Every structure is written in C-alpha cells, then in structure tokens.
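A.B. asks: Need a 3D model of the sequence below.
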Amino acid sequence: MRLYSLSVLYKGDPKVHLLKAAYDVSTFNFFQRSSVQEFMTFTSQLITERSALGSRASVKEQEYLCHVYVRSDGLAGVVIADTEYPPRVCFTLLDKVLEEFSRQVSKMDWPSGSPTTISYSALDGYLSKYQVQTPGT
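C.D. replies: Prediction:
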C-alpha cells in the first residue's frame, strides 16, 4: 500500500492550477521518475477540473486510485495511491491537509498562487507519515 502524490490545487475560473504538491516516486526507475511525476500532476489537475465544487470522488487511472476532494470555496486536494490503500484514510488526509492549508495560506493567494510562490511545507511530511510500511520494505 503506497501513496505516490499529495497535491493542493485551486479550482478557479477559468481553470485549475496547482498550488503545492509532494511526490514519492522512489519506487519507480530513475529514468521514469520525472514523467511519472508529470503524469500525476496532469491527472490531479484533470480530475479536479472535472469534479464539482463540494464533491469527493475516487477515480481509477491506470494502476492508481486518485482520490479528489473539492471544497465549496474552490480549494481542492488530490491523493494518488495504489488500489490497495484505503479510500477512507485518503479522504481523512485530504480533510486535514486542506483545513491546515486554508489556515496557513491566505485565500487571496489561491487564485494567483503556484508551487514556487506558496509557502506551505507540510505536504512532504504528510506523504511520508501516511505511507504504509509493509514488512520487508
């Protein structure tokens, strides 16, 4: 059971943009890592774009399950995990991250923010904390 990506996005008008993200691509071949990360960023934006405000969904994409939560204020979170990771845990994580993000980052910064301009450093910590260690790893 693995988490691969945790992203915070803003679903504004006219499009969705990434505010902050953390990735764990360590299980992939070194030469695949950047393309896997691009795929995860693109997929996160796409499913956020296709989700209604105030909704939660789990979408299967290739061998991954993408869990998306779009709050009614436009702040959205996406967790990309393997298919064995419990969805309930993913949505608990998304609730916690979006709540904390909205307290630490001004709502005025969401529409124009980007990963380089937003200062919120907790995503990497959450990604490793919620990683399930299986015996032998």
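
A.B. asks: Stretch 72-82: which residues count as buried?
C.D. replies: By neighbour count on 16 or more other CB atoms under 10 Å, the buried set for stretch 72-82 is 74, 75, 76, 77, 78, 79, 80, 81. Placement of C-beta: from N, CA and C, glycine included.

A.B. asks: likewise stretch 87-101?
C.D. replies: For stretch 87-101, burial by neighbour count (16+ other CB under 10 Å) applies to 89, 90, 91, 93, 94, 97, 98, 101.

A.B. asks: got it, and stretch 21-38?
C.D. replies: 21, 22, 23, 24, 25, 36, 37.

A.B. asks: Endpoint to endpoint, it covers what distance?
C.D. replies: Distance between the two ends of stretch 21-38: 11 Å, counting by CA to CA, to the nearest Å.

A.B. asks: Contacts for it next, please.
C.D. replies: 2-8, 40-41, 44, 115, 123-124, 126-128, 131 (CB atoms under 8 Å, 6 or more residues apart in numbering).

A.B. asks: With stretch 58-78 instead?
C.D. replies: Taking CB under 8 Å, 6+ apart as the rule, stretch 58-78 contacts 4-12, 16, 43-44, 47-48, 51-57, 79-83, 85, 87, 90-91, 94-95, 97-98, 101-102, 107, 110.

A.B. asks: rewinding a little: redo the buried residues of stretch 21-38 as a markdown table? Include secondary structure and distance to residue 67.
C.D. replies: Output for these, formatted as a markdown table (DSSP: H, G, I helix; E, B strand; the rest coil; distance: CB to CB, whole Å):
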| residue | secondary structure | distance to residue 67 |
| --- | --- | --- |
| 21 | strand | 14 |
| 22 | strand | 15 |
| 23 | strand | 15 |
| 24 | coil | 15 |
| 25 | coil | 18 |
| 36 | helix | 18 |
| 37 | helix | 18 |
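
A.B. asks: now for those, which pair is the farthest apart?
C.D. replies: Using CB to CB, these span at most 13.8 Å, a distance reached by 22 and 36.
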